[in-house]
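*Asks:* got a structure for you, letters missing:
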């Protein structure tokens, strides 16, 4: 039972092992009996529910509607958009037997749903009046992976996928940007993660897209993690699936399409951006439990009365609170809830009660502060807000300190080997991108929005076109 | 575009066709390109979201936690509980190819998740301190069906499945009953459907369960629909999967298990209990849109100002409201929102505005009432409450009128042929149950809680043991 209180691997001793330890010991996930498929345990799933709540509201505010599409895609349908097939075919899981009989048109377990959405759109869009269509779906997807890591890369993960259709190119491009901005803001408001955002290169873009934009986060070990993408498809799928509508001018046209998604990979980002040697550290806004109350000498009535009082008044004020009345020692409980990254701990003991005080312990910097009993609700709310801000600032400082300018391939290598982003002027040629990858294993994470007026490509020395951010990535 | 306003098949002309018409014309669902798999369109999915919100709260209130388990189950794992395998094997969808390679231990797409939950429990339960475990999952399941009907029987449907483990038989049986009661109450509070509830016979129980309880609803055409089940497993799966714990008395024991679930079939029940010749009729509590505001002469500023005022004040009061400002005629809009079953319509026109009045139109009985402008929020809230109550009473009356006592096989046949439940004393033997089915196609829907002190089996004439409810069913 007390096994969970064993120390985990040090974060700077072995980052990969530390990560797995946190995933398991904080009870976020567990391995299942199906290789590559994980179990989302209650605490991990509750984080996902907070992310869902936040995003679902944002999506609906700008007019999106939720739907549910079939889990399986007939191979014949999947094969309609060639670039898309090429990108996904190697990692598909395929069902071939249904009700003990062989299935003729084999069924692909959805790796993503562009095909089924576009196929459906071809049947329900016929007039300009039917546009835009702004659909989103919460579901799981399957991608057959050889090597997997909890939340980062798995054969099945949970996500949302938005799929929209628009009358004009401009409107579709605006949608692509709007959704990227919602993800970016979620970093600031919910996850306390400062994302980088920008366009992907041709080499790194989504199979079938004209352009892909992404948000990228920098982990504690200096590696980047792609945390969400927003794609502009133009009319590629529309034409392949024959989605047509009659416009106001009586002309038949193909609509313009987008898709965008984030997944449970965000939980991996939360762990690797904020976690420390004591385990997970959760920003208050996304924490399933924001405050844990630990009674000291909990067998005393005076203590339990006070605990109940705090619990009720905090709940009434919208704080997500939990009381730990198990029979473990206070020290064991402290370690347990620190491991689970609960932002704030309230210690309620008879000595403090006598003095009319309560002890607050912050998870992010482990600082303790004594507050007056009568102020507890306000102090808790104020401190939660402060923790959220401090965690964002802390992560932002780490990000800023790890973006370094590079003017040659050697400098790119030096920077990405240390960890962090190498910011370099780039000619736009895939050849140069490939050279970086071969030499350093780093990839072009995103293209900055900065305009390049002068300067030459850090790799080939030709005329510079873009500012590119290179980093090693998960 | 105006195709939706075509009349649907009369409910009493062809009930089956009427049902499909409502599903399609109310835009609840559509067929996909994968045979047997439907698309849950925004309006249908929004009803499911309301059901989810209601149940998720109830589950969490009594301590249940959400998790997410793998979509696929290795055949070797699935085969561990024999009765369970026998029940589900004929209708499984099986994946055999992953990443272009053949999978040795083939993967069954989950038809239900007893196996994966119990397998997981075997790894995380070791002490009495780990009990109870109260997990629930929202997901889709796949059952390969030859003949399918929207929401009633499909190759994929959405549901929740609760899986719990308990230290004692008593506690597990109480859980089975508690969850059945939650479903039953949902009928009263949310769906305005009076359910029958009771135990299933040995013949009709779930594959692998010791006992199965169900809620059953009576459709307008007199057929029954099973709307949810709650199973008590005893230690069957525990033993098959070797789930053991050390009890307080230092003895190693097997825990007792339950599972329970409802699905998107409930949408089918809503349609067939409440719908009429004009389409869907939704009870206000579960309606995604509770009030639709239709402007009459909407081009007048005075009308639009008033519409905006009503919309805002209703929203502020927690009413789910939608304004229809499309360029259709008011008559077209009336028909459209009637088809979608919106409980209440507000008609806002210049003549009424002059008189300080608003017109309310109730969907359930098509009655109209004029109310004073200043009372509109209160009147709307009062009327929504009244509609919910009226719809429940209406369905209850229909149910009561269609439960008839039968004292012989002939009487059972006569009653179930007319539609409704034949209530009969039964000896408890499967032979008699089979006789009813052979002669009438009706099945034993549930066993009543009534004690049988005297009387003989309506089928064989031997000593009566139970009160059984027979009906033809979907």
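*Replies:* Structure's in. What do you need? Keep in mind it's a predicted model, so treat the numbers as computed, not measured.
*Asks:* Report the buried residues of stretch A:260-278.
*Replies:* For stretch A:260-278, the neighbour count (16 or more other C-beta atoms under 10 Å in any protein chain shown) marks A:260-276, A:278 as buried. From N, CA and C alone the C-beta is placed, and that goes for glycine too.
*Asks:* Give me the subset of those lying in strands.
*Replies:* A:260, A:261, A:262, A:263 (DSSP state E).
*Asks:* Of the residues you listed, which are in range of chain B?
*Replies:* By C-beta under 8 Å from any C-beta of the partner chain, no member of those lies near chain B.
*Asks:* The residue in the stretch 201-350 of chain A that chain B sits nearest to - nearest residue in space that isn't next to it in sequence?
*Replies:* Of all residues in the stretch 201-350 of chain A, the one sitting closest to chain B is residue A:326 (8.3 Å; C-beta to the nearest C-beta). Nearest residue to residue A:326 in three dimensions, chain neighbours excluded: residue A:333, at 7.2 Å (C-beta to C-beta, 6 or more residues apart in numbering or on different chains).
*Asks:* you'd agree that neighbour is up against residue A:294?
*Replies:* Yes: using C-beta atoms under 8 Å, residue A:333 is in contact with residue A:294, at 4.9 Å.
*Asks:* Show me which of the two is the more surrounded one.
*Replies:* residue A:294 (26 against 22; other C-beta atoms under 10 Å in any protein chain shown).
*Asks:* hang on, the earlier thing: ok, the residue of the stretch 201-350 of chain A closest to chain B to residue A:337 distance?
*Replies:* 11 Å (C-beta to C-beta, to the nearest Å).
*Asks:* Which one's more surrounded, the two?
*Replies:* residue A:337 (23 against 13).
*Asks:* what's the spacing between that one and residue A:152?
*Replies:* Residue A:337 is 25 Å from residue A:152, by C-beta to C-beta.
*Asks:* How about residue A:66?
*Replies:* 26 Å.
*Asks:* one step back: report the contact partners of the residue nearest to residue A:326.
*Replies:* The contact partners of residue A:333, by C-beta atoms under 8 Å, 6 or more residues apart in numbering or on different chains, come to A:292, A:294, A:324, A:326.
*Asks:* Please apply the same query to residue A:90.
*Replies:* B:99, B:100.
*Asks:* As CSV, the contacts of residue A:333 with pLDDT and secondary structure would be great.
*Replies:* Shown next, in CSV, are these (pLDDT from 0 to 100; DSSP: H, G, I helix; E, B strand; the rest coil):
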residue, pLDDT, secondary structure
A:292, 98, strand
A:294, 98, strand
A:324, 97, coil
A:326, 93, coil
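*Asks:* could those be laid out in TSV, adding distance to residue B:93?
*Replies:* Shown next, in TSV, are the contacts of residue A:333 (distance: C-beta to C-beta, whole Å):
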residue	distance to residue B:93
A:292	43
A:294	48
A:324	44
A:326	43
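*Asks:* And the helices in the stretch 301-450 of chain A?
*Replies:* Remark: helices assigned in the stretch 301-450 of chain A by DSSP state H, counting those that start in this stretch are A:301-316, A:330-339, A:350-355, A:376-401, A:409-418, A:430-440.
*Asks:* what residues does the stretch 101-250 of chain A put near chain B?
*Replies:* So the stretch 101-250 of chain A meets chain B at A:106-107, A:109, A:116, A:119-120, A:123-124, A:127, A:129, A:135, A:139-140, A:142, A:144-146, A:155-156, A:158 (C-beta under 8 Å from any C-beta).
*Asks:* and residue A:342, how many residues sit next to it?
*Replies:* Applying other C-beta under 10 Å, I find that residue A:342 has 25 neighbouring residues.
*Asks:* Return the distance of it relative to residue A:293.
*Replies:* 10 Å.
*Asks:* quick one, what contacts the residue in the stretch 151-300 of chain A positioned nearest to chain B?
*Replies:* In the stretch 151-300 of chain A, the residue that lies nearest chain B is residue A:156 (5.6 Å; C-beta to the nearest C-beta). Neighbour list for residue A:156: A:36, A:37, A:38, A:140, A:141, A:142, A:143, B:70, B:71, B:72 [criterion: C-beta under 8 Å, 6+ apart].
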